[in-house]
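Undergrad: everything below, folded, please.
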Amino acid sequence: RKFNPLRVPKKLQEALPFKSKPKVPGKVKKPGFLATRAVPLDREERKATALYASLSAIRNEKAVKRRESNTRRRAERAKKNAAEEAWREGYNKEERKKRYVEKGQAEARRAKKARTADD
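TA: Numbering: from 1, shown residues only. Purely as a prediction, here's the structure:
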């Protein structure tokens, strides 16, 4: 939010001590002609700026390639992990099922043995 400046009457400003007076910033001057004029570059400076521009373009290109390869690699890795996790989940489910079945069969055998022993 931007609040409008507080308006203090001049008479009140005169009566206030310096510390309490509102501080009014002065006008901001626009840069003059000398600051804004274009100075043509000489040959060496032009070559240097062109070299810097080409180097930064190459670096940006490499960074884009690196980002793309990283995202591709991450996607492949995520797909592989998802497939492995699905397999592991199914495998674990099958193993648990098998264990429960074996446990139930052993329990049934024990119960049957106990019944025949009682007779």
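
Undergrad: where is the longest helix in the protein?
TA: helix 43-118 (DSSP state H).

Undergrad: quick one: the helix or strand of the chain with the lowest mean pLDDT to chain centroid distance?
TA: For the chain, scoring each helix and strand by mean pLDDT, DSSP states H and E identifies helix 33-36 as the least confident one, at a mean of 80. Averaging C-alpha positions (C-alpha atoms, centre = their mean, to the nearest Å) puts helix 33-36 41 Å from its chain's average.

Undergrad: which parts of it are buried?
TA: Across helix 33-36, burial judged by 16 or more other C-beta atoms under 10 Å covers no residue at all. The C-beta positions use only the backbone N, C-alpha and C, and glycine is treated the same way.

Undergrad: does anything pack onto that helix? Which helices or strands?
TA: Here helix 33-36 touches no other helix or strand, going by 3 or more C-beta pairs under 8 Å, 6 or more residues apart in numbering; DSSP states H and E.

Undergrad: which stretches of this structure have low pLDDT?
TA: Applying pLDDT under 70 to the chain picks out residues 119.

Undergrad: show me what contacts Lys2?
TA: Contacts for Lys2 (C-beta atoms under 8 Å, 6 or more residues apart in numbering) come out as none.

Undergrad: measure Leu51 to Asp118 for me?
TA: For Leu51, the distance to Asp118 (C-beta to C-beta, to the nearest Å) stands at 98 Å.
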